[in-house]
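>>> return a 3D structure for these sequence lines:
(one chain, ligands or ions: 1)
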Amino acid sequence: MRLDVITIFPEYLEPLNVSLVGKARERGLLDVRVHDLRNWTHDRHHTVDDTPYGGGPGMVMKPEPWGEALDAVIGGAGADGDADTPHGAVDGGPAPVIVVPTPSGVPFTQEAAAELAARPWLVFTPARYEGIDRRVIEDYSDRHEVREVSVGDYVLAGGEAPVLVMVEAIARLLPGVLGNAESHRDDSFADGSMAGLLEGPVYTKPPAWRGRTVPDVLVSGHHGRIARWRRDEALRRTSAHRPDLIEHAVPQEMDRADLLTLAELGWVAGSDGRFGRTPGAVEE
Ligand code: JDE
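Presented below is the predicted three-dimensional model:
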């Protein structure tokens, strides 16, 4: 997979040289190219921002540097030079997805990470100031797949940290990046028996630490009881931290023990076929 990042702070992307992403690059699984947006300015001050039309606080990123940078990185002719297939590929060559981090974007989820991990080429455009002139997103959307994506409901000073977040979530899904020891089949939000639930607690040696022992069931060797205990802990944690995930769960996909544990936590399946919390239910 090829990843391009266009930014006014290339040094902010240094973490892409280390750890999981850095190793994936060393092993030739990822081709990461970081570009300085100011290379595509022409004035002596390398200006990338200007005051907003209509007034108001802050500055907006000018369209011209972004247009020149994206044309240089992607190629100016469009994905396929064919107006009928705006997201097609050049002679079967790779079509990039342009990913724009913004708090106004579509939420970035594990599902979005998996979709993007299946694409051969991603181009990230992290913005500073109040964002990028809207015409840039409109213009590239005519010829390419452009995704405005939010990594959470808060406002950051720039899109570089969201790029680091997304690249790490995407890179670990690429074939050959994770070893067996760290495989992702049981992750919170991944498909599988724990799909849609948060992970429960984990323990390792020593068996006693500061007077605290490991739950007996985990050292019992009873694999069925261990699986049941983990599932109950996942349900408890999800109920406490993310009740919205329980509310959207499908009761038919729960087993009898799940329903018993959820009932202890105050959740009952309603006439609408979804879980609801009984008034005055206990949290833990
Ligand atoms: C991302 N959650 C928070 C980006 C922006 C077009 C392009 C970009 C007004 O403040 C911002 C901040 C950012 C940086 O990203 C985040 C973020 N997920 O803060 C834009 C606007 N228009 C604007």
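>>> could you chop the protein up by domain?
For the chain, whose domains are defined here by automatic domain parsing, the residue ranges read 2-171, 208-277.
>>> most tightly surrounded among those?
The densest packing among the domains of the chain, expressed as mean neighbour count by mean count of other C-beta atoms under 10 Å, is seen in domain 2-171 with a mean of 16. C-betas here are computed from N, CA, C, even on glycine.
>>> now the end-to-end length of it.
Here the two ends of domain 2-171 are set 11 Å apart, with distance taken as C-alpha to C-alpha, to the nearest Å.
>>> and it, what's its mean pLDDT?
Domain 2-171 carries an average pLDDT of 93.
>>> what of stretch 195-208?
Here stretch 195-208 scores 96 as its mean pLDDT.
>>> and the stretch 101-250 of the chain, which residues reach the ligand?
Within reach of the ligand by C-beta under 6 Å from any ligand atom, the stretch 101-250 of the chain has these residues: 101-103, 127, 130-132, 150-152, 154-156, 158-159, 162.
>>> of those residues, which belong to helices?
With helices identified by DSSP state H, the entries of these that belong to them are P162.
>>> quick check: end-to-end length of stretch 129-138?
End-to-end distance of stretch 129-138: 19 Å, with C-alpha to C-alpha as the criterion.
>>> what comes into contact with that stretch?
The contact list for stretch 129-138 (C-beta atoms under 8 Å, 6 or more residues apart in numbering) reads 49, 52, 57-63, 66-67, 70, 100, 102, 125, 146, 148.
>>> again, only this time at 6 Å
Contact partners of stretch 129-138, identified using C-beta atoms under 6 Å, 6 or more residues apart in numbering, comprise 49, 58-61, 63, 66, 146.
>>> and of those residues, the nearest to S183?
Checking these against S183 by C-beta to C-beta gives V146 as the nearest, at 32.3 Å.
>>> can you name the residues bridging to that closest one?
I98 (DSSP bridges).
>>> could you pick out the longest helix of the protein?
In the chain, assigned by DSSP H, the helix with the most residues is helix 223-241.
>>> which other helices and strands does it contact?
Counting contacts by 3 or more C-beta pairs under 6 Å, 6 or more residues apart in numbering; DSSP states H and E, the secondary-structure elements packed against helix 223-241 are helix 243-247.
>>> nearest to the ligand: which residue in the stretch 51-200 of the chain?
Residue of the stretch 51-200 of the chain nearest the ligand, by C-beta to the nearest ligand atom: G131 (2.3 Å).
>>> thinking again about what came up before, from the chain's centroid, how far away is the longest helix of the chain?
Centroid displacement of helix 223-241 relative to its chain, using C-alpha atoms, centre = their mean, to the nearest Å, is 25 Å.
>>> contacts made by it with the rest, please.
Identification of contacts with helix 223-241 by C-beta under 6 Å, 6+ apart yields 194, 197-198, 200, 217, 245-246, 261, 265, 283.
>>> which residues in the stretch 151-284 of the chain form strands?
Listed in chain order, the strands of the stretch 151-284 of the chain (DSSP state E, counting those that start in this stretch) span residues 208-209, 212-213, 267-269, 275-277.
>>> in JSON lines: those strands, plus distance to A227.
What follows is these, written out as JSON lines (distance: least, C-beta to C-beta, whole Å):
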{"stretch": "strand 208-209", "distance to A227": "24"}
{"stretch": "strand 212-213", "distance to A227": "21"}
{"stretch": "strand 267-269", "distance to A227": "21"}
{"stretch": "strand 275-277", "distance to A227": "22"}
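>>> quick one: the residue in the chain sticking out farthest from the centre from the ligand, how far?
When distances to the mean C-alpha position of the chain are computed (C-alpha atoms, centre = their mean), the maximum falls on G211, with 38.2 Å. G211 sits 41 Å away from the ligand when distances are taken as C-beta to the nearest ligand atom, to the nearest Å.
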